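Enquirer: my questions are about this predicted structure, shown below with the sequence.
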Amino acid sequence: MNHIQRAGLSRRDFIRLGLGSALAASASALAACAPTTHTPTPHANATPEHGGAMAGLMMPGFDGDVDHVANGFNPTDLLTDFDYGKVSTLANGQTLREYNVVAAIKTIEVLPGINYEAWTYNRRVPGPTFRCTEGDRIRINFINGTQHAHTMHFHGIHPGNMDGVYEHVPPGGKFVYEFDAEPFGLHLYHCHVFPLAEHIARGLYGAFIIDPKPGRPKVDRELVMVMTGTDLDFDGANDVYAVNFIPFHYDKHPIQIKVGELIRVYLVNLLEFDQSNSFHLHANFFHYYPTGTSLTPAEFTDTIAQMQAQRGILEFRFKFPGKYMFHAHKTEFAELGWTGVFEVLG
């Protein structure tokens, strides 16, 4: 039993207390130095150049970084890591895209000094971002390398025997998923074995992009963001939140873009144990395409909400250089890791 448990606190309580203590200490220090006519907030005085926009809110010990090499993936790389598969042409002229996927247990450092036993596709969380064109033939060679039964359930249109629900793949087993990619849009995949919440929350999920045949209009940058949470002590409640699994990563490592660049974000919510999630962009608005199944935006806004498994495409440009936050607009999620920064260069 560790000192957190002996004190009767969950890991989530410990993290919250640490965040609260850091916030209180920061506020006290600022109040002592400030003129009597004005008391600045800790957030307004956080310094991005010393750990990110939320650095003043992080508990001591969380202002370092995780070991991305030992983890086997870096969330910065995951933003643009599209997997187009091994491409060939079938006898009927149809494009075949073939992917190899292995379910594996992987210890991942989620926060500095805090490791988590994740269930993964190809030893990363989220799993590969599969990308194809509408009408392509998709073939997934799936191997279950864990001690638990798992599947791959893709959102989209396909035969029932390819749905990854009833055909459980036992430990050491193999299964080939094969179907035509439809409809075009932003989709996802995840394990569909019960208890479903645990299998998804432990890391068995990823994004699945089906491009329309004529293609989408060209943009300067495309980024994939999968919104998640992690239940560190397995009590059915998330302790930290993130985009692409590692809390605070894009706060510590801002995403660099240029003034005037057209940015497209593929945003997927795979958060378990909480009813909804959200995305808010500071000092800007974006065009929003729910599920990505239309080439016409449905909304021009700065904040959207998504229930579990909902997703959408965001497109925007920044007019001015500077550092701009993006984060969940539920304060608790932001304070516990779901926050980042776009660094816009002139």
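Expert: The structure has been received and is ready for your questions. Numbers count the residues shown, from 1 in each chain.

Enquirer: which residue sits closest to the spatially most central residue of the chain in space, ignoring its chain neighbours?
Expert: Closest residue to the average C-alpha location of the chain: V226 at 2.5 Å, with Cα atoms, centre = their mean. Closest residue to V226 apart from its sequence neighbours, by Cβ to Cβ, 6 or more residues apart in numbering: P126 at 4.4 Å. C-beta here means a position set from N, CA and C on the backbone, and glycine is covered the same way.

Enquirer: count the residues that sit near the closest residue to R97 other than its chain neighbours.
Expert: Distance criterion Cβ to Cβ, 6+ apart; nearest residue to R97, sequence neighbours excluded, is G85 at 3.6 Å. Counted with other Cβ atoms under 10 Å, residues neighbouring G85 total 19.

Enquirer: please name the residues that touch G85.
Expert: R97, E98, Y99, F130, C132, I138 (Cβ atoms under 8 Å, 6 or more residues apart in numbering).

Enquirer: can you flag which of these belong to helices?
Expert: Among the contacts of G85, none falls in helices (DSSP state H).

Enquirer: and which of the residues you listed is nearest A334?
Expert: Set against A334, the nearest of the contacts of G85 by Cβ to Cβ is F130 (29.3 Å).

Enquirer: surely the closest one touches Y99?
Expert: Yes - using Cβ atoms under 8 Å, F130 is in contact with Y99, at 6.2 Å.

Enquirer: just checking, L270 touches H155?
Expert: No - if you go by Cβ under 8 Å, L270 and H155 don't touch, sitting 11.0 Å apart.

Enquirer: shared neighbours, those two?
Expert: The contact sets of L270 and H155 overlap at L188, A309 (Cβ under 8 Å, 6+ apart).

Enquirer: what is the lengthiest strand in the chain packed up against?
Expert: The longest strand of the chain (DSSP state E) is strand 95-111. Helices and strands touching strand 95-111, by 3 or more Cβ pairs under 8 Å, 6 or more residues apart in numbering; DSSP states H and E, are helix 68-71, strand 86-89, strand 114-121, strand 129-133, strand 137-144.

Enquirer: and these, which is most packed in?
Expert: Among the helices and strands packed on strand 95-111, ranked by average contacts under mean count of other Cβ atoms under 10 Å, first place goes to strand 129-133 (a mean of 21).

Enquirer: sheet partners, orientation included, of it?
Expert: strand 82-83 (parallel), strand 205-211 (parallel) (DSSP bridges).

Enquirer: got the angle between that strand and strand 137-144?
Expert: Between strand 129-133 and strand 137-144, the angle comes out at 160 degrees (axes from the mean of the first three to the mean of the last three Cα atoms, to 10 degrees).

Enquirer: averaged pLDDT, strand 129-133. What do you get?
Expert: Strand 129-133 carries an average pLDDT of 99.

Enquirer: equivalent analysis for stretch 257-270, please.
Expert: Stretch 257-270 carries an average pLDDT of 99.

Enquirer: what do F130 and Y99 both touch?
Expert: Overlap of the contact sets of F130 and Y99 (by Cβ under 8 Å, 6+ apart) consists of D83, G85, I138.

Enquirer: Q147: which of these is nearest?
Expert: Looking across the shared contacts of F130 and Y99 and measuring by Cβ to Cβ, the closest to Q147 is D83, at 26.1 Å.

Enquirer: now do the same for F320: its pLDDT.
Expert: 99.

Enquirer: against L223, how distant is it?
Expert: To L223, F320 is 20 Å away according to Cβ to Cβ, to the nearest Å.

Enquirer: please apply the same query to V66.
Expert: Distance from V66 to L223, by Cβ to Cβ: 20 Å.

Enquirer: kindly report the same for G203.
Expert: Using Cβ to Cβ, one obtains 20 Å as the distance from G203 to L223.

Enquirer: same question for P247.
Expert: On the measure of Cβ to Cβ, P247 and L223 end up 18 Å apart.
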